[in-house]
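Asker: Sharing a sequence plus its predicted fold:
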Amino acid sequence: LDSGAHFYETYKTKDGKYMCVGALEPQFYNLLLEKLNITDDDLPQFDDFDEMKVKLGKIFSEKTRDEWCEIFDGTDACVTPILEQEEAGDHPQNKARGSFLENGMPRPAPLLSRTPAVASTSPNNLEFGSHTTEILAEAGFTDKDIGELLEKRIIEQADIKAKL
């Protein structure tokens, strides 16, 4: 989302997670307002975008991401959770579409009917974070810097296991 307008932005929730709002068209915006139990007078679609972002940010900070999902799930309000990487494969929409392979890797896309992409069955798939610390060290980061990034969970390093 480009975050130019309050109805096309991401918002932090009470639990520190995020929701995505993309209610650009009037019918979607009206449904967003309905689900928030507010009116266009409370949050005009084409008023001061910065001011409206602050208002909408306050509203989204009052509930957890899961609480917002319960409110917006199954609607056309164009509001959806921003998933953690570990959650993506288990999301109902991704399961229904078969978006992830059994090993957790994304399925090749687009899925074309006449010439479908075939996923690699090679066991040599890269593991997420398998070379993080090595690459950062090569880029000039100190062990202390890398340790702080790991501790703050800004980066991840996979546990490398020998394939013997």
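Answerer: It's in.
Asker: The residue lying closest to Ile155 once chain neighbours are set aside: neighbouring residues, count only.
Answerer: In this structure, Ile155 finds its nearest non-sequential neighbour in Leu149, 4.5 Å apart by C-beta to C-beta, 6 or more residues apart in numbering. Bear in mind the C-beta positions are built from the backbone N, C-alpha and C, glycine included. If you count neighbours by other C-beta atoms under 10 Å, Leu149 ends up with 17.
Asker: Distance-wise, check Leu149 relative to Ala158.
Answerer: Distance of Leu149 to Ala158, computed by C-beta to C-beta, to the nearest Å: 15 Å.
Asker: again with Glu87
Answerer: Glu87 is 18 Å from Ala158, by C-beta to C-beta.
Asker: Contacts only, for the residue nearest to Thr13 when sequence neighbours are not counted.
Answerer: Spatial nearest neighbour of Thr13, chain neighbours left out: Arg65 (4.4 Å); criterion: C-beta to C-beta, 6+ apart. Neighbouring residues of Arg65 by C-beta atoms under 8 Å, 6 or more residues apart in numbering: Thr13, Asp15, Lys17, Tyr18, Met19, Pro81, Ile82.
Asker: what does Cys20 give?
Answerer: So Cys20 contacts Leu1, Glu9, Thr10, Tyr11, Val79, Thr80, Pro81, Ile82 (C-beta under 8 Å, 6+ apart).
Asker: Of these - the most surrounded one?
Answerer: Of these, with other C-beta under 10 Å as the count, Val79 tops at 24 neighbours.
Asker: what's the distance between it and Tyr11?
Answerer: 9 Å.
Asker: who touches both of those two?
Answerer: In contact with both Val79 and Tyr11: Met19, Cys20, Val21, using C-beta under 8 Å, 6+ apart.
Asker: Can you list which of these are found in strands?
Answerer: Met19, Cys20, Val21 (DSSP state E).
Asker: JSON lines for those residues, including pLDDT and distance to Pro44?
Answerer: As requested, those are arranged in JSON lines below (pLDDT from 0 to 100; distance: C-beta to C-beta, whole Å):
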{"residue": "Met19", "pLDDT": "97", "distance to Pro44": "20"}
{"residue": "Cys20", "pLDDT": "96", "distance to Pro44": "21"}
{"residue": "Val21", "pLDDT": "97", "distance to Pro44": "15"}
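Asker: Let's have those in JSON lines, adding distance to Thr133.
Answerer: Supplementary listing: those in JSON lines, determined by distance: C-beta to C-beta, whole Å:
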{"residue": "Met19", "distance to Thr133": "33"}
{"residue": "Cys20", "distance to Thr133": "31"}
{"residue": "Val21", "distance to Thr133": "36"}
